[in-house]
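K.L.:
model this:
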Amino acid sequence: MSKPKKEKNSKAGAEQMTCCCPFCLSSRILEEAKEEYSGFFTHLRQARIEVLRAFRTLIDQRISSLEEQKKKVTKVEVE
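P.N.:
Modelled structure (predicted):
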């Protein structure tokens, strides 16, 4: 496991702990690339929104079908 390193933040002038694991490094690289490739990240954000809307559509359809089943109750006479 990587040991966290202290890194001086140039904007705030404060020291913060940073991890050197591959996930943290790639996350930091992506964060730094947001300004240069803002169009790319805008498209990714919109794609995430569209995926969530797709799930919402499925959920709404399932709710509608459950509500219709509730209305289709028939009364049965018992002897």
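
K.L.:
What are the boundaries of the helices in this structure?
P.N.:
In the chain, the helices defined using DSSP state H lie at 22-33, 38-71.

K.L.:
Quick check: which ranges of this structure have low pLDDT?
P.N.:
1-17, 70-73 (pLDDT under 70).

K.L.:
For the residue positioned nearest the centre of it, give me its contacts.
P.N.:
Centroid-nearest residue in the chain, with CA atoms, centre = their mean: residue 48, separated by 6.9 Å. For residue 48, the contact set (CB atoms under 8 Å, 6 or more residues apart in numbering) is empty. The way it works is simple: take the backbone N, C-alpha and C, and place the C-beta from them, glycine included.

K.L.:
ok, now residue 49?
P.N.:
Here residue 49 is in contact with no residue (CB under 8 Å, 6+ apart).

K.L.:
Now do residue 27 against residue 74, distance only.
P.N.:
Distance, residue 27 to residue 74, by CB to CB, to the nearest Å: 57 Å.

K.L.:
ok so, going back, need the helices of the chain in CSV with distance to residue 79, can you?
P.N.:
Output for these, formatted as CSV (distance: least, CB to CB, whole Å):
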stretch, distance to residue 79
helix 22-33, 68
helix 38-71, 27
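
K.L.:
among those, which is nearest residue 78?
P.N.:
helix 38-71 (21.6 Å; CB to CB).

K.L.:
Okay then, goodbye and thanks.
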